[in-house]
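**Student:** Sharing a sequence plus its predicted fold:
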Amino acid sequence: MKVCVVGSGGREHALAHVLARTAEVIVTPGNPGIPFSTNQPVKEIEADLFVIGPEQPLVEGLADELRKQGKLVFGPNADGAKLEGSKSWMKEILVESGVPTARHGVFTEKEAAFDFLQNLSDLYVIKTDGLAAGKGVLVTSDLAEARQAVSEYLSGKAFGTAGKRIVIEEGLTGPEISLLAVCDGQTAVPLAPAQDFKRLKDQDEGPNTGGMGAYSPVPFVEENLVERIMDIAVIPTLETLKRKGIDYRGVLYCGLMITPDGPKVLEYNARFGDPETQVVLPRLETDLAELLLGAASGSLNSNPVFSNDAAVAVVCASESYPENSRTGDFIDGLSQVQEMKGINIFFSGVRKTNDGFATDGGRVLTITGIGPTLEKARNLTYEAVSQISWPGMQKREDIASNSDLYKDK
Ligand code: AMP
Ligand code: GLY
């Protein structure tokens, strides 16, 4: 089977790496760090299956176009990808499906938004309606800061048109998890849960980013919690989409908070998570190409099975990410790390130089370590990360380091 992966980041590198266990793989446009990368435009590529990684092309209708050409595609059409492209529509679907989620309001006018804020207490959450690469969310306990964000979002100053319509939510508390479900339009199967670290700095300080690290499995998520999330969120949402005539074939990424009142959905994404993919897929024991082909053809017939090994990923980002990113710094230490057993380097924002790679984006690479326990995987990952450097490199030191994770070990 020949599989074409669309995208150019660490997620697509991990997809390609795991698909290549059983399939011939090509990645477009990829990047100089991803083997199998090609400049050939996706519409000119012949393959048995197309797997679309990022949200932007999904929201813009790439899956629709490929399907019109008769291709088999893993990734929803634009109608389904709207779950990610419009947070206000996603909230409508959640409410219509009876899925537990934070109380919210949708606003384009400042005064009405200020009134809604006034009626919330403790924790205020402001989100752009449109896509903002994971950066368009502010969570604050400071009402003045929340009001200022509302003004900046609605005026277009903060996020351009993506922020001219906003969702305001009550703040929830509790640990967060990401559960990715593979859907074939009719039904869905869960992948192993992961936890993602969205804030830039240790102890969840600093701005929201696309994700600075992840680990899987998540010890506090038992099998029955996964089943519960499928029952109260994923399956009812698929039913609602079906009722609306939306044939959702792809990943339904469920971002949840495990609150004192039970799991609540914070967001849906229409694709694999980055960097969740870099910890979930390396643990997969069954055939990924077969799983995605089944989903793409509307006939899921295999259940993914995961190893008992743990995976921990740390993202290395360039200076001043997420505001902007300095590029062109030479990356030191890659060759030693490439030799390390149990370590994978997944490349995102890199360019090739005469003697190696230089930075070429915000998130530059993800290093994933695999080990028999989370603690061993974590130690291995950080041993590898400590050997990588460039001027201004940013990374978190506390991925998978919460001592609660190791209580029973
Ligand atoms: P989202 O892109 O909607 O997942 O939001 C990004 C991050 O903001 C989430 O991973 C949470 O850490 C945080 N967040 C989003 N919504 C809420 C909420 N209602 N309460 C508390 N934190 C939230
Ligand atoms: N890691 C968060 C995301 O992929 O949206």
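**Tutor:** Structure received. Numbering: from 1, shown residues only. Ligands and ions are numbered 1, 2, ... in the order given.

**Student:** ranges for the strands of the stretch 101-250 of the chain?
**Tutor:** Here the stretch 101-250 of the chain has its strands, by DSSP state E, counting those that start in this stretch, at 104-107, 124-128, 137-140, 166-170, 176-184, 188-190, 195-196, 199-201, 205-208, 213-216, 249-259.

**Student:** Point out the most buried one among those.
**Tutor:** strand 213-216 (a mean of 30; mean count of other C-beta atoms under 10 Å). C-betas here are computed from N, CA, C, even on glycine.

**Student:** Could you check which residue of the stretch 201-350 of the chain lies nearest ligand 1?
**Tutor:** residue 267 (3.6 Å; C-beta to the nearest ligand atom).

**Student:** What helix or strand is the spatially most central residue of the chain located in?
**Tutor:** The chain has residue 273 as the residue nearest its centroid, 2.0 Å off, counting by C-alpha atoms, centre = their mean. Under DSSP states H and E, no helix or strand contains residue 273.

**Student:** ok, it touching residue 177?
**Tutor:** No - Residue 273 is beyond contact range of residue 177, at 10.8 Å (criterion: C-beta atoms under 8 Å).

**Student:** any residues in contact with both of those two?
**Tutor:** residue 194 (C-beta atoms under 8 Å, 6 or more residues apart in numbering).

**Student:** residues in contact with stretch 62-71?
**Tutor:** 6, 42-43, 47, 50, 52, 57, 73, 75-78, 81, 250.

**Student:** try it again with 7 Å
**Tutor:** 6, 50, 52, 73, 75, 76, 77, 78 (C-beta atoms under 7 Å, 6 or more residues apart in numbering).

**Student:** cool, stretch 79-92 as well?
**Tutor:** Contacts of stretch 79-92 (C-beta under 7 Å, 6+ apart): 55, 58-59, 93, 101, 104, 106, 127, 129-131, 165, 167, 241, 246, 248, 267-270.

**Student:** coming back round to it: which pLDDT value belongs to the residue nearest to the centre of the chain?
**Tutor:** Looking at residue 273, its pLDDT is 97.

**Student:** wait, isn't it in contact with residue 196?
**Tutor:** Yes - shown here, residue 273 and residue 196 form a contact pair, counting by C-beta atoms under 7 Å, at 6.3 Å.

**Student:** still on that earlier bit, which of the contacts of stretch 62-71 lies closest to residue 356?
**Tutor:** residue 6 (26.4 Å; C-beta to C-beta).

**Student:** quick one, which of the strands of the stretch 101-250 of the chain is nearest to residue 224?
**Tutor:** strand 188-190 (12.1 Å).

**Student:** So which elements touch that closest one?
**Tutor:** If contacts are counted by 3 or more C-beta pairs under 7 Å, 6 or more residues apart in numbering; DSSP states H and E, strand 188-190 sits against strand 176-184.

**Student:** can you dump the C-alpha coordinates of the strand it packs on into PDB?
**Tutor:** Below are the C-alpha coordinates for strand 176-184, written out as PDB (Å, rounded to 0.1, in the frame of the first residue of the first chain):
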ATOM      1  CA  GLU A 176      -6.300  17.800  31.000                       C
ATOM      2  CA  ILE A 177      -6.100  14.900  28.600                       C
ATOM      3  CA  SER A 178      -6.200  14.500  24.800                       C
ATOM      4  CA  LEU A 179      -8.200  11.500  23.500                       C
ATOM      5  CA  LEU A 180      -7.900  11.000  19.700                       C
ATOM      6  CA  ALA A 181     -10.600   8.900  18.100                       C
ATOM      7  CA  VAL A 182     -10.300   7.400  14.700                       C
ATOM      8  CA  CYS A 183     -13.700   7.800  12.900                       C
ATOM      9  CA  ASP A 184     -15.100   6.200   9.700                       C
END
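
**Student:** Stretch 358-367 and ligand 2, any residue contact?
**Tutor:** No - legend: contact between stretch 358-367 and ligand 2 by C-beta under 6 Å from any ligand atom is lacking; minimum distance shown is 10.1 Å.

**Student:** start to end distance for that stretch?
**Tutor:** 16 Å (C-alpha to C-alpha, to the nearest Å).

**Student:** Would you mind checking the average pLDDT for that stretch?
**Tutor:** 96.

**Student:** what residue ranges in this protein are flagged as low confidence?
**Tutor:** Low-confidence segments of the chain (pLDDT under 70): 134, 403-409.

**Student:** and it, which of its residues are near ligand 2?
**Tutor:** Going by C-beta under 6 Å from any ligand atom, the residues of the chain near ligand 2 are 134, 196, 210, 211, 269, 273, 274, 276.

**Student:** Next step: the contacts of stretch 79-92 restricted to helices.
**Tutor:** Cross-referencing the contacts of stretch 79-92 against helices under DSSP state H gives 55, 58, 59, 93, 241.
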